[in-house]
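Asks: Below is the structure, and that's it, no one-letter string:
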C-alpha cells in the first residue's frame, strides 16, 4: 500500500541529536485532517523518509528546536510509583507462598516496597536523553 499525504505542518526536532522530526501530517487515507507523526530518515517506509527530507529542506516551515518532555510530578508520579511498586510486589509474591518460609531479606524487601509511597512523597520522573525514557528521581528502589 502506498501511503500519500496532502501536507504537513509544525515540524519540531524529536530528539536532542536532531535525527528525527515530530510533525503533523495530513494523510490521505485517514479521516483526521492532521495527525502526529515522527519522520525518520532511516525508516523503511518511503513516505517517512520523504517527509523527513522535505521537512529538513524547509517545505513545511522552520523546524522548531527540540525540548525534552516535562517532568512527571505530583499525583501522576505517585500513581506511576504505586503501579511500578505493585508490579514488583506481584512479581515477588512467590517469596511468601504458604509452602515456603521467606528469608528476612525477602520480608524486608517486600516491606520496603509497601513503604515506597510514604517514604518518597516528592518522587518524580524526569526525561533521560541517554535511555530516551523517563527515569525516577528522588527514589531508591529496594533490592533483595
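Replies: Cool, the structure landed. This one's a predicted model, so the numbers in the text were calculated from it and none came from an experiment.
Asks: which element follows the lengthiest helix in the chain toward the C-terminus?
Replies: Longest helix in the chain by number of residues (criterion: DSSP state H): helix 74-91. On the C-terminal side of helix 74-91, the nearest following helix or strand under DSSP states H and E is helix 104-119.
Asks: Just the buried residues of that next one, please?
Replies: Of the residues in helix 104-119, 106, 109-110, 112-113, 116 count as buried by neighbour count, 16 or more other C-beta atoms under 10 Å. Placement of C-beta: from N, CA and C, glycine included.
Asks: If you count contacts, what does that helix end up packed against?
Replies: Using 3 or more C-beta pairs under 8 Å, 6 or more residues apart in numbering; DSSP states H and E as the contact test, the elements touching helix 104-119 are helix 74-91.
Asks: Quick check: which helices or strands does the helix it packs on pack against?
Replies: Using 3+ C-beta pairs under 8 Å, 6+ apart: helix 74-91 touches helix 104-119, strand 124-128.
Asks: Tabulate those in a markdown table, adding columns for mean pLDDT and distance to residue 30.
Replies: As requested, the helices and strands packed on helix 74-91 are arranged in a markdown table below (pLDDT from 0 to 100; distance: least, C-beta to C-beta, whole Å):
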| stretch | mean pLDDT | distance to residue 30 |
| --- | --- | --- |
| helix 104-119 | 97 | 41 |
| strand 124-128 | 95 | 29 |
